[in-house]
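# Need coordinates for the below:
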Amino acid sequence: MRYHARWVLPITQPPVENGTVVERDGLITYVGPRSSAPPGDDYDLGDAILLPGLVNTHTHLELTAMRGFLEDCRFTAWIDKLRQSRNEVLNEEMLLDSARFGIVEGLEAGITTYADTCSSGIVMRAMSELGVRGIMYQEVFGPDPSQADVAMRELEDRIAKLQTEQTDLVTLGVSPHAPYTVSDRLYQAAAKFANSRRLPLAMHIAESEAEYDIVAKGAGDFAERWQRRGIDFPEITEDRVQRVPQAVHVQPVEADAPAFRPPGTQPAPASGLPVPVAAELISALAAVALAGTVTGPPP
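Prediction:
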């Protein structure tokens with residue numbers, strides 16, 4: 001099939017006016033001027049921009065249905081409300097439907113690849129059903145070091161089951177959740193496990209001032225919660241503070257500086273808050289782009 005558009009954006013090359021993308025057996029075999037395209041059936045997109053599908057580097061697709069429910073909360077209250085509501089209200093089928101809906105919304109905005117952090121493990125199924133690319137990072141939790149072994153056994157069991165669901169498009173990773181929900185011991189065990197299985201690792205870090213307080217100072221809302229549960233906090237050292245990569249809780253100019261950002265870190269707006277500017281940008285792209293109808297092999 002030959003897909004023709006007013007503009008084709010190869011990204012790695014200059015835009016092509018009156019361009020064509022050719023697909024055969026699910027693979028892109030040609031990108032360039034329409035006049036030089038190989039023969040085939042035609043699908044003319046008209047006055048449109050055709051470009052590769054967008055990549056969302058951090059999603060929680062199973063929680064799509066909770067949109068609008070967690071606004072205007074302090075970060076610690078936001079975490080509590082999210083966890084309680086998910087556990088008490090959303091069953092597995094609801095979480096699956098929520099993930100499906102989130103993916104469909106993404107496709108309508110031109111997003112064809114997802115890096116999803118998931119607690120239930122259900123998102124792999126949703127991504128496979130809808131034919132998108134993605135990595136699902138299975139979360140693990142446990143701030144109490146004495147419970148690290150139990151948490152790791154549960155993680156290993158879940159990964160063993162989920163690995164059978166991997167496809168050429170959808171793969172698996174590991175996510176020790178965040179500094180306020182994972183002990184140093186569990187972080188180390190999860191990283192060792194992921195490395196041994198050659199699984200990618202993802203984590204939330206530097207999302208809020210409350211998180212910075214517990215990591216850098218051993219103080220604040222999260223630290224008080226640990227103390228009430230009788231959980232000892234690791235010794236605060238200069239090295240520990242300097243190793244905290246600030247990806248969200250930073251000044252905007254810092255987040256935009258390539259030299260400041262550690263490899264693999266994605267600057268993002270404050271977790272759980274509306275982002276009008278980003279929404280407007282995605283809406284504008286979706287209005288002019290047809291993306292994700294055909295995808296080639298991964299780069």
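
# CA atoms for contacts and neighbours, from now on please.
Fine.

# Which helix or strand contains Val31?
Using DSSP states H and E, Val31 maps to strand 27-33.

# Give the other helices and strands that that strand contacts.
For strand 27-33, the packing partners by 3 or more Cα pairs under 8 Å, 6 or more residues apart in numbering; DSSP states H and E come out as strand 16-24.

# Strand 27-33 and the strand it packs on, what's the angle between them?
Interaxial angle of strand 16-24 relative to strand 27-33 (axes from the mean of the first three to the mean of the last three Cα atoms, to 10 degrees): 160 degrees.

# and strand 16-24, C-alpha only, in CSV?
What follows is strand 16-24 as a C-alpha-only set of coordinates in CSV (Å, rounded to 0.1, in the frame of the first residue of the first chain):
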residue,chain,number,x,y,z
VAL,A,16,9.3,15.6,1.8
GLU,A,17,6.6,17.6,0.0
ASN,A,18,4.1,15.4,-1.9
GLY,A,19,5.6,12.4,-0.2
THR,A,20,4.8,8.7,0.0
VAL,A,21,5.2,6.0,2.5
VAL,A,22,5.0,2.4,1.2
GLU,A,23,4.1,-0.6,3.4
ARG,A,24,4.4,-4.2,2.5
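
# Can you list the strands that it pairs with?
Each strand that pairs with strand 16-24, with its direction, by DSSP bridges: strand 2-8 (antiparallel), strand 27-33 (antiparallel).

# buried ones in it?
Using 16 or more other Cα atoms under 10 Å as the test for burial, strand 16-24 gives 16, 18-23.

# what about it, distance to the chain center?
From the chain centre to the centre of strand 16-24 is a distance of 30 Å (Cα atoms, centre = their mean, to the nearest Å).

# Setting aside sequence neighbours, what's the nearest residue to the residue most central in space within the chain?
Per Cα atoms, centre = their mean, the C-alpha nearest to the average position across the chain is that of His58, at 2.1 Å. What sits nearest to His58 in space, not counting adjacent residues and going by Cα to Cα, 6 or more residues apart in numbering, is Ala115, at 5.2 Å.
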